[in-house]
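Chemist: Below are the sequence and a predicted model for it; my questions follow.
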Amino acid sequence: MVASVHPLATEAGLAALRRGGNAVDAAVAVGLTLGVVDGKNSGLGGGCFILIRRADGQLIAIDGRETAPANATRDMYLRDGKPRPELSQQGPLAVATPGALAAYDLAIREHGRLTLSEIILPAAEIAERGFLLDRSNASAQASAGRILARVNGGTCSLLKPDGSPWQEGERLQQPDLAKSLRGIAREGVDHFYRGPIAEQVGQWMAEHGGILSRDDFANYRPVLREPLVTKYRDWTIVGFPPPSSGGVHVAQILNILEPFDLQEHYRRDPGQYQHLLAEAMKLAFADRAYWLGDPDHARVPRGLVDKQYARQLAARIDLNRVTKVAGHGDPTAADERVFEKHTTHIATADAAGNWVAMTQTINTTYGSKVIVPGTGIVLNNEMDDFAIAPGAPNAFGLVGAEANAVAPGKRPLSSMSPTIVLRGQTPILSVGAAGGPTIITQSLQAIVRRLDLELPLADAISQPRIHHQWSPDRLRVESRLDDQLKKDLRLRGHVLDEVGNMGVSQAVEYDDQTRLFRGVADPRVPGRAAGP
């Protein structure tokens, strides 16, 4: 089973399975193809987290997160002592060293059956012949076209020759990206990290005030990390460790919710159920702002996922009113037990028992908006995921502290939350999302709805969502949420921000009674879930 945000990407994953590949090959095929057909969200110029549960039961976490350039400094986004957020969000200074391709390569070599060349060439063919833009891509081009043109000096390979955006139903061809992909297929990842692409990017950066260099590319390495394994009721939750905040806080929020009978709250008082979720989210995000960062540079306490600490936080929740959360909590042995240093979401599973949850990104829409001429690769703006100054919000309104300050070679904190759920030793659910900090709360709500509320997977993904990230102290709700629930939440003291939708999730589950897979692509966008 393969689930992704775009039908062509899902088909690429299925094609990899038909050629004899496994779930790892399928996930990488999807990821590479999304860089062509959904380049506004992810691609070779970004990063990823790959969570694998092998058929033999082994758990693997591959950290392909971007890293700060060697010449990065903690004050690089300050001017006259004041933060300039636009510098970390658009243009050359916003770009961190891409890690996605290195992570794909490691996953394929160690855990796949196909070669990177076999998987990458079909993506190159789509880039070369083009594909018809859907509404989502056309809308993104319309909203970002002017900035893309400005950042790239008036010409941009994603736009028409006159600088105007492509329209829905028109065919977008990307010959430069096809050339880059074919070069990687021919020469391997060195073509990207130590060859022409690194040279082109480094030279462009030097000429346009950037600090990302060819050496940064050459020195990049993916990192193997220990998957974060926690218990929630009768299930085992496998998440991604820091620098993902998602794995920690999905587990933490589930721990906070564990003392409550969520199904009873949902059945008896739906408003109270939504309020309970919001209060648990708020407590976890207050901890995120203070404690979370790259474990190779900051001491991130394991106590954040302790059951005892979660019970302390749960006791602070008033089921009838909003509780003011002034700041972070203090988990058990915060300075002693820490996560150790280690040398658009995609869900796939195969009949042998291999499962993959992979989340990849270039951060905001079209990342930094930089596409170095001749490469066709959209470069990320992941430097904005650092705390550019204490308390300064990033593009998603998130704030951070010293643990997530800019430093050379450091990985910025991420909300990506690839998650695999086991019942006993059997994988039963893979879920994840796209959408900035709402990734965490989307993944959480999908898990709770499927496991606790026992909703069908399609409903668990499609029903309206809520999101609270502590700062700003407002509850974001999708406008489709029932009006009575909105009224109830306001009466309990929540200040609501209504949005059309707050992100996109994908999921795959296994029914061990029927021995069948079921996949769901979020209906908020025209994705696809299918089996071979």
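Modeler: Looks like it arrived, so ask away.

Chemist: pLDDT weak spots in the stretch 351-500 of the chain?
Modeler: 390-391, 395-401 (pLDDT under 70).

Chemist: what about 90?
Modeler: Within the stretch 351-500 of the chain, the stretches with pLDDT under 90 are 385, 387-405, 413, 415, 434-437, 471.

Chemist: what ranges do the helices span in it?
Modeler: 438-451, 457-462, 483-491 (DSSP state H, counting those that start in this stretch).

Chemist: what sits up against stretch 444-456?
Modeler: Contacts with stretch 444-456, where a contact means C-beta atoms under 8 Å, 6 or more residues apart in numbering, come from 232-233, 235, 237, 250, 253-254, 257, 262-263, 266, 277, 281, 419, 421, 429, 431, 433, 457, 459-461, 463, 465-466, 505, 507, 509. Bear in mind the C-beta positions are built from the backbone N, C-alpha and C, glycine included.

Chemist: Which of the helices or strands spans the residue nearest to residue 223 when sequence neighbours are not counted?
Modeler: Nearest non-adjacent residue to residue 223, counting by C-beta to C-beta, 6 or more residues apart in numbering: residue 63, 4.1 Å away. Here residue 63, judged by DSSP states H and E, is contained in strand 59-64.

Chemist: got the contact list for the next helix or strand after that strand?
Modeler: Downstream of strand 59-64, the next assigned helix or strand under DSSP H and E is strand 78-79. Under the contact criterion C-beta under 8 Å, 6+ apart, strand 78-79 has outside partners 84, 87, 388, 389.

Chemist: Would you check which pair of those residues lies furthest apart?
Modeler: 87 and 389 (11.4 Å; C-beta to C-beta).

Chemist: so what's residue 161 up against?
Modeler: residue 155.

Chemist: Take the helices of the stretch 351-500 of the chain and write them to CSV, including distance to residue 376.
Modeler: What follows is the helices of the stretch 351-500 of the chain, written out as CSV (distance: least, C-beta to C-beta, whole Å):
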stretch, distance to residue 376
helix 438-451, 27
helix 457-462, 32
helix 483-491, 44
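
Chemist: among the ones you listed, which is the most enclosed?
Modeler: Among those, helix 438-451 has the highest mean neighbour count (mean count of other C-beta atoms under 10 Å), at a mean of 26.

Chemist: shared neighbours of residue 87 and residue 389, which are they?
Modeler: residue 77.

Chemist: so which of the helices of the stretch 351-500 of the chain gets nearest residue 17?
Modeler: Ranking those by distance to residue 17, with C-beta to C-beta as the measure, places helix 457-462 first at 20.4 Å.

Chemist: which residues sit against that closest one?
Modeler: Contacts of helix 457-462 (C-beta under 8 Å, 6+ apart): 429, 445-446, 449-450, 453, 505-507, 509, 518, 520, 522-524.

Chemist: Looking at those residues, spot the one nearest residue 149.
Modeler: residue 524 (28.2 Å).

Chemist: Name the nearest residue to that closest one, ignoring sequence neighbours.
Modeler: That would be residue 501: by C-beta to C-beta, 6+ apart, it lies 4.7 Å from residue 524.

Chemist: Pull the number of nearby residues for the one you found.
Modeler: Residue neighbour count, defined by other C-beta atoms under 10 Å, stands at 16 for residue 501.

Chemist: where does the stretch 151-300 of the chain have low pLDDT?
Modeler: Checking the stretch 151-300 of the chain against pLDDT under 90 turns up 153-155, 162-163, 243-245, 288-300.

Chemist: where do the helices sit along it?
Modeler: Going by DSSP H, counting those that start in this stretch, the stretch 151-300 of the chain shows helices at 175-187, 190-193, 196-207, 214-219, 245-257, 262-268, 270-291.

Chemist: what's the angle from the fifth one to helix 438-451?
Modeler: The reference is to helix 245-257. Taking axes from the mean of the first three to the mean of the last three C-alpha atoms, to 10 degrees, one finds helix 245-257 and helix 438-451 inclined to each other by 40 degrees.

Chemist: now helix 245-257 and helix 270-291, what's the angle there?
Modeler: Using the same axes, to 10 degrees: helix 245-257 against helix 270-291 is 130 degrees.

Chemist: could you pull out the strands for the stretch 251-400 of the chain?
Modeler: 346-349, 355-361 (DSSP state E, counting those that start in this stretch).

Chemist: can you tell me which residues contact residue 275?
Modeler: Contacts of residue 275 (C-beta under 8 Å, 6+ apart): 319, 322, 488, 489, 492, 494.

Chemist: mind running it again at 7 Å?
Modeler: Each residue near residue 275 by C-beta atoms under 7 Å, 6 or more residues apart in numbering is listed here: 489, 492.

Chemist: Repeat that for residue 470.
Modeler: 282, 285, 286, 289, 325.

Chemist: check contacts around the first one.
Modeler: Pointing back at residue 282 there. By C-beta under 7 Å, 6+ apart, the neighbours of residue 282 are 325, 468, 470.

Chemist: Could you rerun that using 8 Å?
Modeler: 325, 468, 469, 470, 473.

Chemist: Dump those residues to CSV, plus distance to residue 9.
Modeler: Shown next, in CSV, are these (distance: C-beta to C-beta, whole Å):
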residue, distance to residue 9
325, 39
468, 31
469, 29
470, 34
473, 37
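
Chemist: Could you let me know which of these ends up closest to residue 58?
Modeler: residue 469 (33.8 Å).

Chemist: What's the local residue count around the closest one?
Modeler: By other C-beta under 10 Å, neighbour count at residue 469 equals 26.

Chemist: Spatially nearest residue to it, not counting backbone neighbours?
Modeler: That would be residue 285: by C-beta to C-beta, 6+ apart, it lies 4.4 Å from residue 469.

Chemist: That neighbour and residue 437 touch, don't they?
Modeler: Yes. Contact criterion C-beta atoms under 8 Å: residue 285 and residue 437 qualify, at 7.4 Å.
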